[in-house]
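Asker: Got a sequence here, can you model it:
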Amino acid sequence: MLAILRQPRWLGYLALATAFALACCLFGVWQWNRREEALAAIERLEANYDRVPVAVTDALPDPGGFEPDLQWTPVVLEGEYLLDEQLLLRGRWRDGRVGFDVVAPFRTSDGTVFVVDRGWIDQAPGAERPVTDPATPAGPTTVVARLRPNEGDIPGRGAPEGQIASVDLPSIAEGLDAPVYTGAYGLLVSEDGEAPADVAIATRPVLDEGPHLSYTLQWFVFALFGYAAVAWGVREELRGDAPAPAPKRARRTDADVEDDILDRG
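Answerer: Numbers count the residues shown, from 1 in each chain. Model (predicted):
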């Protein structure tokens, strides 16, 4: 077998099998990393979602920064909504229906603006407006919200005046005459200790690790298929080169000898 594998043709087959195995292993590692990311997201949700709220200045000492491990952490804000600056976040689904999220900048007591996603509101049939206008509270308000990372801009997606396609905090900050938290925004939990009646606030997400572990194992198994195909080909070639077995001579009996004598007579 080793002599066959030294032939240029079979060396080429081995090289192809090795390249295939490496590609499969890369896909396997990629799936493993995706599983690790999913597990980390689940761990963050479980660790932070039901924590006691902390002051936003304690959670985000740098308004422009954000640590991924802070996702879902509840923060307390004291100040007031900038009602004239609130926006409608389009294309948000809930219970099988498309609608808007009400995104309202909130000016805290120290003058810094924190963007709050107050919740979902249904879209009017055949219209680019919600069924009802949001009733965002005016005046001093205490807000609790859970931290979420900046979504960033979505290329190719636009929105009409007063609406946005994503929570792109730097873009929102451009229209506000105040320092703005641009590393994270908040999903509303309560306003003055109660859930709002005009919008449906975000519910706790259901996260799972997905099928990444089984996909990882499958890719590593696939990596062996190329070598198995080479081994099968070598075996078939060895079978084809083997000499044909000599025909087995049947043992002659006394009756066969007598028949031969009679035939010659």
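Asker: And for A59, the neighbour number?
Answerer: 17 (other CB atoms under 10 Å). The C-beta positions use only the backbone N, C-alpha and C, and glycine is treated the same way.
Asker: residues touching it, list them.
Answerer: A59 is in contact with 70, 73, 75, 147, counting by CB atoms under 8 Å, 6 or more residues apart in numbering.
Asker: Which of those residues fall in strands?
Answerer: 75, 147 (DSSP state E).
Asker: Looking at the contacts of A59, which one is closest to F114?
Answerer: Ranked by distance to F114 (CB to CB), these are led by V75 at 8.1 Å.
Asker: Report how many residues lie close to the closest residue to the closest one other than its chain neighbours.
Answerer: Among residues not flanking V75 along the chain, V56 sits closest, at 4.2 Å (CB to CB, 6 or more residues apart in numbering). Under the neighbour criterion other CB under 10 Å, V56 is assigned a count of 27.
Asker: With Y49 instead?
Answerer: Residues lying near Y49 (other CB under 10 Å) number 14.
Asker: Can you give me the distance of the spatially closest residue to it that is not a sequence neighbour to P53?
Answerer: Closest residue in space to Y49, ignoring its immediate chain neighbours: W72 at 4.7 Å, by CB to CB, 6+ apart. As for W72, its distance to P53 is 12 Å (criterion: CB to CB, to the nearest Å).
Asker: neighbour count winner among these two?
Answerer: More crowded of W72 and P53, by other CB under 10 Å: W72, with 20 against 17.
Asker: hang on, isn't the more buried one packed against L147?
Answerer: Yes - counting by CB atoms under 8 Å, W72 does reach L147; the two are 6.7 Å apart.
Asker: Quick check: which ranges of the chain have low pLDDT?
Answerer: Residues of the chain that meet the criterion pLDDT under 70 lie in 1-10, 237, 240-265.
Asker: let's see it at 80
Answerer: 1-11, 13, 126-127, 154-158, 230-265 (pLDDT under 80).
Asker: for stretch 48-62, which positions count as buried?
Answerer: Residues of stretch 48-62 classed as buried by neighbour count (16 or more other CB atoms under 10 Å): 48, 53, 56, 59-60.
Asker: helices or strands next to the helix or strand that contains V221 in the packing?
Answerer: Here V221 is covered by helix 212-241, with elements defined by DSSP states H and E. On a contact count with 3 or more CB pairs under 8 Å, 6 or more residues apart in numbering; DSSP states H and E, helix 212-241 meets helix 2-5, helix 8-48.
Asker: R239: which of those helices is closest?
Answerer: Nearest of these (CB to CB): helix 2-5, 11.8 Å.
Asker: Among the buried residues of stretch 48-62, which one sits closest to A138?
Answerer: Nearest to A138 among those, with distances taken as CB to CB, is V56, at 20.5 Å.
Asker: wouldn't the closest one be in contact with V76 here?
Answerer: Yes - counting by CB under 8 Å, V56 touches V76, with 6.7 Å between them.
Asker: what's the neighbour count on the closest residue to T182 other than its chain neighbours?
Answerer: Using CB to CB, 6+ apart and skipping residues adjacent in sequence, the residue nearest T182 is L169, 4.3 Å away. Residues contacting L169 under the criterion other CB under 10 Å number 24.
Asker: ditto for R129
Answerer: R129 has 14 nearby residues by other CB under 10 Å.
Asker: again, but for P205
Answerer: P205 has 10 nearby residues by other CB under 10 Å.
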